[in-house]
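J.: Let me see the structure of the following:
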Amino acid sequence: MAEQKEKKVEDIKKEAEATKKCPVNKALYYIEEFLAGPMCGKCFPCEMGCYETEVRLKNIIEGRGSEADLFAIKKIASEMLEASRCKKGKDTAKFILEWMETGAYKEHVGGRCPDRECLALIEYRIIPDKCNMCGLCQDACKYNAVQGEKKKTYRSGYLPFEIRQKRCTKCGECIKVCPTKAIVIVDIKAKEKIGVSV
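T.: Presented below is the predicted three-dimensional model:
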């Protein structure tokens, strides 16, 4: 039976950089792959640090993150950098600290993903003034998240198109087919602020 070749940490980092835009998502992808593969588990700072970092990164991505999570991740990575017994653990710490320097982590704790990749922090919205009521978005949505009525020449008084957020999986299919670019991605926190001021 052929032995499967273990991934190198540099390869996992390249995969994270290639598949994710958001630095927090990159770090989570990296940590999950590291835990599943090259981590040896022989030293406490790396083993426990990686598991704790994974939990904290999920909190941030899912909109439950706090300053305490940021502090913990930075502390864990700093301790891993100093106390890990092998290069793999030290490199992991370097990668995490490098991604933290972007400032995106702080924005996530504030409720915003700058790359609009973290699904818990964004919503898809239809701008009524741009919508031509063609219904292509409704046809493209497999989850029946788009409601509204297609424009017909013999009628007036239509139900405008809108996205039901509880059904929306944020797959992006509606954006791909919209001819007028009427569907936009908005930050949930920004939307909440707008709702309060109206």
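J.: wait, Pro38 sits on Asp11?
T.: No. Using C-beta atoms under 8 Å, Pro38 makes no contact with Asp11, being 9.2 Å away. No exception for glycine: its C-beta is placed from N, CA and C like everyone else's.
J.: Of the two, give the one with the bigger neighbour count.
T.: A count of neighbours by other C-beta atoms under 10 Å puts Pro38 above the other of Pro38 and Asp11, at 18 against 13.
J.: Show me where this structure has its helices.
T.: 9-19, 23-36, 44-61, 67-83, 87-100, 104-109, 136-140, 173-177, 188-197 (DSSP state H).
J.: Who are the contact partners of Ala104?
T.: For Ala104, the contact set (C-beta atoms under 8 Å, 6 or more residues apart in numbering) comprises Cys22, Pro23, Val24, Cys113, Pro114, Asp115.
J.: I'd like these written out as JSON lines, with distance to Glu6 added.
T.: As requested, these are arranged in JSON lines below (distance: C-beta to C-beta, whole Å):
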{"residue": "Cys22", "distance to Glu6": "27"}
{"residue": "Pro23", "distance to Glu6": "25"}
{"residue": "Val24", "distance to Glu6": "26"}
{"residue": "Cys113", "distance to Glu6": "32"}
{"residue": "Pro114", "distance to Glu6": "33"}
{"residue": "Asp115", "distance to Glu6": "30"}
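J.: now the residue positioned nearest the centre of the chain, nearest residue through space, not along the chain?
T.: Central residue of the chain (C-alpha atoms, centre = their mean): Cys118, 2.2 Å from the mean position. Once flanking residues are discounted, Cys118 sits nearest to Ile61: 4.9 Å by C-beta to C-beta, 6 or more residues apart in numbering.
J.: Quick check, that neighbour in contact with Lys26.
T.: No. Assessed by C-beta under 8 Å, Ile61 is found out of contact with Lys26, at 11.0 Å.
J.: For the residue nearest to the centre of the chain, give its distance to Pro179.
T.: With distances taken as C-beta to C-beta, to the nearest Å, Cys118 is found 28 Å from Pro179.
J.: Likewise for Glu62?
T.: Taking C-beta to C-beta, one finds Glu62 at 34 Å from Pro179.
J.: Same check on Glu32?
T.: On the measure of C-beta to C-beta, Glu32 and Pro179 end up 38 Å apart.
J.: which residue packs closest to Phe161, ignoring adjacent ones?
T.: Gly148 (3.2 Å).
J.: mind putting the contacts of Ala104 in a markdown table, pLDDT and distance to Ala16 included?
T.: Shown next, in a markdown table, are the contacts of Ala104 (pLDDT from 0 to 100; distance: C-beta to C-beta, whole Å):
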| residue | pLDDT | distance to Ala16 |
| --- | --- | --- |
| Cys22 | 94 | 10 |
| Pro23 | 95 | 9 |
| Val24 | 95 | 11 |
| Cys113 | 92 | 16 |
| Pro114 | 91 | 17 |
| Asp115 | 92 | 13 |
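J.: Can you flag the buried ones in those?
T.: Listed as buried from the contacts of Ala104 are Cys22, Pro23, Val24, Cys113, Pro114, Asp115; burial here means 16 or more other C-beta atoms under 10 Å.
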